[in-house]
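**Q** show me the folded form of this:
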Amino acid sequence: MTGSDTSPSFRLAYVPGVTPTKWVRIWNERLPGVPLTLVATPAGEASDVLRDRGADAGLVRLPVDRTVLSAIPLYTETTVVVIPKDHVVAAVDEVSLEDLADETVLHPLDDTLVWERLPGEPAFERPETTADAVELVAAGIGVLVVPQSLARLHHRKDLTYRPVTDAPESQVALSWPEDETTDLVEEFIGIVRGRTVNSSRGRTATPPQPKAARTDKSGAARQKPAAGKNPRGGAKGGIKPGPKGAAKGGPKGGSKGGAKRGKPRRRP
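**A** Okay, the predicted model is just below:
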């Protein structure tokens, strides 16, 4: 399967905010003999890790370099703005980018959103990481717009978040080197797409088992009677003998339709 004499294994890269737990559990159930190793990877380095064969596949954020990497989009995340709990925005259920026009919007160097134009007022400098930007939000220096999973990942008790209705969205995808679509990669594709273990594109399907023969009370196998035969004996649809050989339904001692026996005449 791997083209070598070593035991097969599978390395899965994943970026911050992505939770591969469910898929890893299914993998371990279906392929207990093939260990899966998780490789935590910064979002901006995921494509390089896959190109350099640092992982067999990865759960990454789009876009990726499609000239060398294949990708299957899995889901799209809601975009939120991270704010202090006492911020005015915390009083509403959702906001638009226009609502952030007067805010200082932090733009970390590892931002995963693709902006045509960043909303609000820019900060004096860009934080190096999203985690650093969250600390600045807690200090009251600005607000931060990120995918919801990152807001949850960097949750703090003094912060909250609200959906931003018209902000760019982040897509999470399964990606791998295009020329390395191995059997194990195909297995993981099947898992994330929800294929069952007996799917024609998954592992080898289990052949249907023959039904067990019915048995009677003694444990002996019961056989189906041959066509045209009565299971209780005799020809199917035949006449059941009456008492003393008379045909069923006929008068005793004779066949139906035969001559009637008259009464004996008295002698004169």
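
**Q** which intervals of the stretch 151-268 of the chain have sub-threshold pLDDT?
**A** Scanning the stretch 151-268 of the chain for pLDDT under 70 picks out the ranges 199-268.

**Q** rerun at 90
**A** For the stretch 151-268 of the chain, the stretches flagged by pLDDT under 90 are 195-268.

**Q** equivalent analysis for the stretch 1-150 of the chain, please.
**A** Within the stretch 1-150 of the chain, the stretches with pLDDT under 90 are 1-7, 122.

**Q** the same query, at a cut-off of 70, please.
**A** Within the stretch 1-150 of the chain, the segments meeting pLDDT under 70 span 1-6.

**Q** can you show me the helices along it?
**A** With DSSP state H, counting those that start in this stretch as the criterion, the stretch 1-150 of the chain has helices at 21-30, 46-51, 130-138, 148-153.

**Q** in CSV, list the C-alpha atoms belonging to the third one.
**A** The C-alpha atoms that make up helix 130-138 are tabulated as CSV, following Å, rounded to 0.1, in the frame of the first residue of the first chain:
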residue,chain,number,x,y,z
THR,A,130,-4.1,35.5,16.3
ALA,A,131,-3.4,34.7,19.9
ASP,A,132,-1.5,38.0,20.3
ALA,A,133,-4.4,39.8,18.7
VAL,A,134,-6.8,38.3,21.2
GLU,A,135,-4.6,39.6,24.1
LEU,A,136,-4.8,43.1,22.5
VAL,A,137,-8.6,42.8,22.3
ALA,A,138,-8.7,42.0,26.0
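
**Q** what packs against that helix?
**A** With contacts taken as 3 or more Cβ pairs under 8 Å, 6 or more residues apart in numbering; DSSP states H and E, helix 130-138 sits against strand 79-84, strand 104-106, strand 143-147, strand 159-163. Where C-beta positions appear, they are placed from N, C-alpha and C, glycine not excepted.

**Q** would you point out which residue is most central in this protein?
**A** Nearest residue to the geometric centre of the chain (Cα atoms, centre = their mean): Gly194, 3.1 Å.

**Q** confirm it sits in a strand?
**A** No: counting by DSSP: H, G, I helix; E, B strand; the rest coil, Gly194 is not part of a strand but coil.

**Q** tell me which residues of stretch 80-96 come out buried.
**A** Using 16 or more other Cβ atoms under 10 Å as the test for burial, stretch 80-96 gives Val80, Val81, Val82, Ile83, Pro84, His87, Val89, Val95.

**Q** straight-line length of it, end to end?
**A** One end of stretch 80-96 to the other measures 10 Å (Cα to Cα, to the nearest Å).

**Q** contacts for it, please.
**A** Under the contact criterion Cβ atoms under 8 Å, 6 or more residues apart in numbering, stretch 80-96 has outside partners 99-100, 134, 137-138, 140, 143-148, 151, 154, 158-166.

**Q** quick one: buried ones out of these?
**A** The buried subset of these - by 16+ other Cβ under 10 Å - is 99-100, 134, 137, 143-148, 151, 154, 159-162, 164.

**Q** quick one: the strands in this protein?
**A** Using DSSP state E, the strands assigned to the chain run over residues 10-14, 36-40, 57-61, 69-77, 79-84, 104-106, 121-122, 143-147, 159-163, 170-177.

**Q** about what we covered before: format the helices of the stretch 1-150 of the chain as a markdown table; extra columns: distance to Gly190.
**A** Listed next are those as a markdown table, based on distance: least, Cβ to Cβ, whole Å:
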| stretch | distance to Gly190 |
| --- | --- |
| helix 21-30 | 9 |
| helix 46-51 | 19 |
| helix 130-138 | 32 |
| helix 148-153 | 24 |
